[in-house]
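In: Turn this into a structure:
(2 chains)
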Amino acid sequence: MPHPISGGPSMTRRTALALGGAGLLTATLAACARGTDTRPSAPGTVTLNSDNPTWGPGYDAASDVLAARIGYRITSRSIASVANYNQIIRMTAQTNSTTDLIKWTNGYRLQDIARADILTDLNEVWDDAIGRGWVDPAQRASFTYEGKAYGVPLYKSYYAVFYSKRAFAENGIDVPTTFDDLMSAAQTLKDAGITPFLAPGATTWESEIWFMQLLASLDPDYYAAVTTNQASYVDDPAREAMGLWSTMYSDGFFSAPDVTSNDLPGLVSEGRFGMMLYGTWFANTLLASGLTDDDIGFFRVPPHASSTAPAVIVESGSLSVPVKAHRRDAAVDVARNWLATDVQEAWVGFLGDTSPNPAALPKSDLVKDLAAGIAAEGPTELIRYWEASPTPLVEGNVQDLGSFMVTPSESHGESTLRSMEARARTEWKIWDAA
Amino acid sequence: MTLTQPPVPQEAVASPGDPTRASAAPPPRPRRAHLAGAAFLAPAVALVVLLLVVPFAFTIYRSFFDDNGFTRSWVGLDNYTAMFADPAFGQSVLNTFFWVVGTLLLPVGLGLAIAVGTWKLKLGAVARFAVILPYAISGSATAVVWTFMLSTDGGLDTLLRLLGLDPLVSQWLLQWPLNTVMMIIATTWQATGACVILFLVGLQSIPPSTLEAAQLDGAVTFPQLRPMTIVVVGISIVGSLKVFDQVLLLTNGGPGTASETLALTMYRETFTLSRYGSGAAVAVFLTVVVVAASYAYLRRQLRPANG
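Out: Residues are numbered from 1 along each chain as shown, chains lettered A, B, ... in the order given. A predicted model of the protein is given here:
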């Protein structure tokens, strides 16, 4: 019987391998050439990239409302590492591999990428949202670069003191309404054997928290000025803040600086938690770990002197639309409706945090009371330090502050300020030249 | 030494007057054999060029620019002058130097001692197993364990208090140079096992007769271990020059930039500050140091003993 393919060239193993290899290579190259992000998403959806992998259910909840309003849902994806996320957005937002919406920060970090002309101007969306009363107009400035807004607030958090209701009750402490009250509350807790303030930050971003809060309590105008290059870091208010911080350390008011905020629930259950100044977004983590409104309360750090106007630090993320988004119009439409009260109610219902829309309140009494207090008193809202100045300046100064927290002597406070001021001179020159 | 003296092909040593050879030139090999050789080499060459040579060339190129990921402008050697003028860079070089010395003294030294000291013992296998075990744990998991041990009021401080050694309680990861020393010790805990394994391989390759003779004479076996020592020290130098994961996870280079190594400086400039040109300059400097150190060391060590 003749061989079936004996008439043609015989198929050797080498040929088979070569063909297989070539096929595999072609398939690999084809896969590289077009990722899922280079094509528009499914009809009726817009894609969103973020660095927060746990927020998926929140976007789903908001999408249910968005779908009813405009017929579009958000499909979210996330990259958990913040450093990787920053790089990926910087690279992909310049290409057609971008998602339709991106989560970013506001302030100078937003300005930094807005300068590269990769984001859509959302001025019209802001006009609309302000007209409907969906957002505090004062927030617009921190999303604006050279007259154009490049994002809407994705979320809004405040910096407030989380405190243990049990520790306060057992030691007869009332919620402080003056700075002196706060200091005597700390002293009472210390006398009872409880470290008054859990304060992480030795080698993390959290070293900025007490620095910015003490400045906000001492002199809110100075804080706004020093972060925008209108004042020097060695001016009196900053020196007073570092001196106060150093004294609080020598009074034994702070934990070791290498603790983490995740230590909080454990300390509560051991009855060793007093207070922690932190972003209200952290409430979500605490509620998820089983703590309730009965365990934890919030209050704002009062002004240092009664003559000082009250101020509160605000943290906000940005929902931005890359110019190269596949469904750019739909994405702008999502941004336009993101601040609507019903969308925000669904969103903060998941987050358990305050909303950029003052009318949308979360279910937790914890945050609701804080939001009500802010609405009633109307403190000056100051942008968080992390976003308040050019990134390299903030990153370097935060490292200096972490180093101060490790060795919180008065003289180290002075040298820290000198180092921050020297960096400010260099970095502002670079920022202004760019 | 075999590493610099590869087996010499017979045809190359044949003398010109050899009657079996018509001429000194090798016979022309068929074109097909050349092509096949090239085809076998091609994937490896292509990968090395694509994944190592091209990115490195691009990194050198990029180090001459002020580059924020969006726009790029030529600045010549500015990134290099700024780098050398930065005190944080000096600190980073100093820390990297500590790491090189520390990993030579501890994992390599201990590895050699443990391998030589236990390999003839009855229960030596148990001892070696205990030392080698941490090597099976990933670097980041090791860092988590050591963060727990070394943080303030962590495992080590608690242990010291239990033993009544309160004066020794310290902020292990927060004070320089203590934090760098502790991180080197943490790395020793993990990396010694690898050195032990390599030295054991070295010991097993020594002919038993030599070992017996050495034992009879009361002599040490170190000279016989020299080839393996060269390999272990070489790997260790390169590994410590580019140390990254332990430092990132244990101290993040801090407090401030106190415990940064060159790899962390490169990472901070590039990925935290988005200064791709400055990061590239540090990367080029690190590469030059690694290549120069390896070349100088191996050139010296691998020189044929008979000159």
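In: just how off-centre is the helix or strand encompassing residue A:68 within its chain?
Out: Taking DSSP states H and E as the definition, residue A:68 sits inside helix A:56-70. Relative to its parent chain, helix A:56-70 has a centroid offset of 21 Å by C-alpha atoms, centre = their mean, to the nearest Å.
In: residues of it that come out buried?
Out: For helix A:56-70, burial by neighbour count (16 or more other C-beta atoms under 10 Å in any protein chain shown) applies to A:56, A:58-59, A:61-63, A:65-66, A:70. Every C-beta, even on glycine, is put in place using the N, C-alpha and C of the backbone.
In: Return the list of helices and strands in contact with that helix.
Out: When contacts are defined as 3 or more C-beta pairs under 8 Å, 6 or more residues apart in numbering or on different chains; DSSP states H and E, helix A:56-70 packs onto strand A:73-78, helix A:328-338, helix A:341-351.
In: Show me which residues of the helix or strand following the last one are buried.
Out: Downstream of helix A:341-351, the next assigned helix or strand under DSSP H and E is helix A:365-377. Within helix A:365-377, the residues that qualify as buried by neighbour count (16+ other C-beta under 10 Å) are A:366-367, A:370-371, A:373-374.
In: ok, and the closest non-adjacent residue to residue A:340?
Out: Spatial nearest neighbour of residue A:340, chain neighbours left out: residue A:134 (6.3 Å); criterion: C-beta to C-beta, 6 or more residues apart in numbering or on different chains.
In: For the one you found, the count of nearby residues, please.
Out: Number of residues near residue A:134 (other C-beta atoms under 10 Å in any protein chain shown) recorded here: 25.
In: now the lengthiest strand in chain A against helix A:328-338, angle please.
Out: Counting residues, the longest strand found in chain A (DSSP state E) is strand A:152-164. Strand A:152-164 and helix A:328-338 are oriented at 40 degrees to each other (axes from the mean of the first three to the mean of the last three C-alpha atoms, to 10 degrees).
In: average model confidence for strand A:152-164?
Out: Across strand A:152-164, pLDDT averages out at 96.
In: Can you add mean neighbour count and distance to chain B and give the helices and strands packed on helix A:56-70 back as JSON lines?
Out: Putting the helices and strands packed on helix A:56-70 into JSON lines (neighbours: other C-beta atoms under 10 Å in any protein chain shown; distance: least, C-beta to the nearest C-beta, whole Å) gives the following:
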{"stretch": "strand A:73-78", "mean neighbour count": "19", "distance to chain B": "18"}
{"stretch": "helix A:328-338", "mean neighbour count": "21", "distance to chain B": "19"}
{"stretch": "helix A:341-351", "mean neighbour count": "22", "distance to chain B": "27"}
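In: Turn the ones you listed into TSV, including distance to residue B:68 and mean pLDDT.
Out: Formatted as TSV, the helices and strands packed on helix A:56-70 follow (distance: least, C-beta to C-beta, whole Å; pLDDT from 0 to 100):
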stretch	distance to residue B:68	mean pLDDT
strand A:73-78	24	93
helix A:328-338	24	95
helix A:341-351	32	93
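In: Look at the nearest residue to residue A:202 once chain neighbours are set aside and give its secondary structure.
Out: Leaving aside its sequence neighbours, residue A:202 sits nearest to residue A:257 (C-beta to C-beta, 6+ apart; 3.7 Å). Classification of residue A:257 using DSSP: H, G, I helix; E, B strand; the rest coil returns coil.
In: Verify the contact between residue A:257 and residue A:204 for me.
Out: No: taking C-beta atoms under 8 Å as the definition, residue A:257 is not a contact partner of residue A:204, at 9.1 Å.
In: picking up where we left off before, got the contact list for the helix holding residue A:68?
Out: In this structure, residues lying in contact with helix A:56-70 by C-beta atoms under 8 Å, 6 or more residues apart in numbering or on different chains are A:44, A:48, A:72-74, A:76, A:78, A:330, A:333-334, A:337-338, A:340, A:342-347, A:349-351.
In: rerun at 6 Å
Out: A:72-74, A:76, A:333, A:337, A:342-343, A:346-347, A:350-351 (C-beta atoms under 6 Å, 6 or more residues apart in numbering or on different chains).
In: which SS state does residue B:252 fall under?
Out: The local conformation at residue B:252, judged by three-state DSSP, is coil.
In: Tally up the residues packed near it, please.
Out: Using other C-beta under 10 Å: residue B:252 sits among 19 other residues.
In: Tell me the spacing between it and chain A.
Out: Residue B:252 sits 4 Å away from chain A, going by C-beta to the nearest C-beta, to the nearest Å.
In: Next, that residue: phi, psi?
Out: Phi and psi for residue B:252, reported as degrees, to the nearest 10, are phi 60, psi 30.
In: likewise residue A:47?
Out: phi -90, psi 150.
In: tell me which residues form a beta bridge with it?
Out: residue A:75 (DSSP bridges).
In: Neighbours of it, how many?
Out: 22.
In: swap in residue B:44?
Out: 9.
In: Quick check, the residue nearest to residue A:340 in contact with residue A:342.
Out: No: if you go by C-beta atoms under 6 Å, residue A:134 and residue A:342 don't touch, sitting 10.6 Å apart.
In: The stretch 151-300 of chain A: strands as residue ranges?
Out: Using DSSP state E, counting those that start in this stretch, the strands of the stretch 151-300 of chain A run over A:152-164, A:275-279, A:296-299.
In: Show me how far the first one is from its chain's centre.
Out: Taking C-alpha atoms, centre = their mean, the mean C-alpha location of strand A:152-164 is offset from the chain mean by 9 Å.
In: what helices or strands is that strand leaning on?
Out: strand A:275-279, strand A:296-299, strand A:311-320 (3 or more C-beta pairs under 6 Å, 6 or more residues apart in numbering or on different chains; DSSP states H and E).
In: now with 7 Å?
Out: Here strand A:152-164 touches helix A:123-131, strand A:275-279, strand A:296-299, strand A:311-320, helix A:365-377, going by 3 or more C-beta pairs under 7 Å, 6 or more residues apart in numbering or on different chains; DSSP states H and E.
In: Select, out of those, the one closest to chain B.
Out: strand A:311-320 (14.9 Å; C-beta to the nearest C-beta).
In: where in the stretch 1-150 of chain A is pLDDT low?
Out: A:1-11, A:28-38 (pLDDT under 70).
In: Please apply the same query to the stretch 201-350 of chain A.
Out: Checking the stretch 201-350 of chain A against pLDDT under 70 turns up nothing.
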